[in-house]
Each structure stands twice: as structure tokens, then as C-alpha cells.
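A.B. asks: have a look at this prediction, sequence included:
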Amino acid sequence: MEKITVFLGGTCQDSTWRSVLIPLLGKNIEYYNPQKALGHWSEEDKQEEIQQRKDCDILLYTITKANSILSIAEAIDDSHNRPERTVVCFIMDDMSSNEVVQITAISEMLLENGAEVVNTLQTAADIIDDIADDLISGEGEDEDDEI
């Protein structure tokens with residue numbers, strides 16, 4: 001059976017959301033985790049992340065801090081270029097009311113581009129599994145991929 005790859009983009013630093021999400025993913029899902037130990041990010045890691053964003057079947061961005069500017073920019077870019085395969089999860093538990101207002105505006109942009117926007121890791125995992133099932137069955141093929 002075919003495996004689907006998911007790019008686990010989003011807040012890094014000291015975040016632990018990936019360790020919560022990974023066990024929630026379906027059995028046909030593999031993932032690329034760009035998070036490295038603090039101080040261990042290299043130019044090679046940066047290039048690998050850029051390539052993985054291009055190659056992975058599904059792009060997930062989980063944002064836990066409103067100051068995750070690069071991750072937010074990448075999510076908006078991918079929501080524009082690959083909206084049917086982009087999922088963005090905003091965990092706003094530790095955000096100020098001003099940050100929540102900003103994230104709400106960003107969410108609206110992502111939704112207008114066609115991305116899925118959610119606020120729990122379980123919902124993100126469920127959507128990723130649905131997209132993966134569609135891709136495996138051939139229902140999620142891009143129009144450009146059709147003959």
C-alpha cells in the first residue's frame with residue numbers, strides 16, 4: 001500500500017506539538033519533521049526542509065506562537081500554491097487577545113486560499129487522514145496530474 005508523506009511545519013523552538021500529533025496519524029502516513037535540537041540547525045537542514053516542502057504530499061503547519069512569522073508565511077504560500085493539500089492548525093491557548101485577533105485575520109486569508117484551518121491536533125490528524133485516503137484512492141489527484 002502507498003505511503004503518504006506529511007510535512008510537519010510550524011512552530012519549532014521549544015514546542016512539543018509534534019510528539020502529540022505523530023501518534024494520531026494513520027498507518028499509511030509517513031512524515032518529515034524539520035525540528036532540530038536548539039543550536040543544531042544548519043544550511044543543509046534548511047535546504048532539506050525546502051525540498052521536503054516541495055516533495056511531501058500534505059503540508060501541515062501548526063502554529064502555537066503568533067511570532068512564528070516564517071511558518072505563517074510558509075503556510076500562506078503553500079495555501080496559495082497547494083490549497084487542497086495544506087492544513088493549518090492554530091493552537092491559541094497561550095496567545096494574547098491581540099495575537100488571537102491577528103491569527104483570526106491570518107486564518108481568513110488561509111481559508112480564502114482554500115486551505116483547511118483547524119484548532120486542535122486531533123482535527124488536523126483527521127483531515128490529514130482523509131486527504132491521505134483520497135490521494136491513495138486517486139480522488140485527490142491534482143488536475144495537472146490527470147491525462
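C.D. replies: Cool, the structure landed. All figures in this text were calculated on a predicted structure; none of them were measured in a lab.

A.B. asks: all contacts plus neighbour counts: C-alpha atoms, from now on.
C.D. replies: Will do.

A.B. asks: show me the residue at the heart of the protein, geometrically.
C.D. replies: In the chain, the centroid-proximal residue (CA atoms, centre = their mean) is residue 60; its distance is 1.1 Å.

A.B. asks: quick one: contacts for it?
C.D. replies: By CA atoms under 8 Å, 6 or more residues apart in numbering, the residues touching residue 60 are 6-10, 86-89, 124.

A.B. asks: now those as a markdown table including distance to residue 36, pLDDT and neighbour count?
C.D. replies: Below are the contacts of residue 60 laid out as a markdown table (distance: CA to CA, whole Å; pLDDT from 0 to 100; neighbours: other CA atoms under 10 Å):
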| residue | distance to residue 36 | pLDDT | neighbour count |
| --- | --- | --- | --- |
| 6 | 17 | 97 | 24 |
| 7 | 14 | 96 | 22 |
| 8 | 12 | 96 | 25 |
| 9 | 12 | 93 | 23 |
| 10 | 13 | 92 | 29 |
| 86 | 22 | 98 | 28 |
| 87 | 22 | 98 | 26 |
| 88 | 21 | 98 | 27 |
| 89 | 20 | 97 | 22 |
| 124 | 22 | 98 | 24 |
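
A.B. asks: so for stretch 63-78, what gets flagged as buried?
C.D. replies: 63-66, 71-72, 74-76, 78 (16 or more other CA atoms under 10 Å).

A.B. asks: among those, name the least confidently predicted one.
C.D. replies: Lowest pLDDT of those: residue 66, 83.

A.B. asks: can you get me a residue count around residue 12?
C.D. replies: Around residue 12 there are 22 other residues, counting by other CA atoms under 10 Å.
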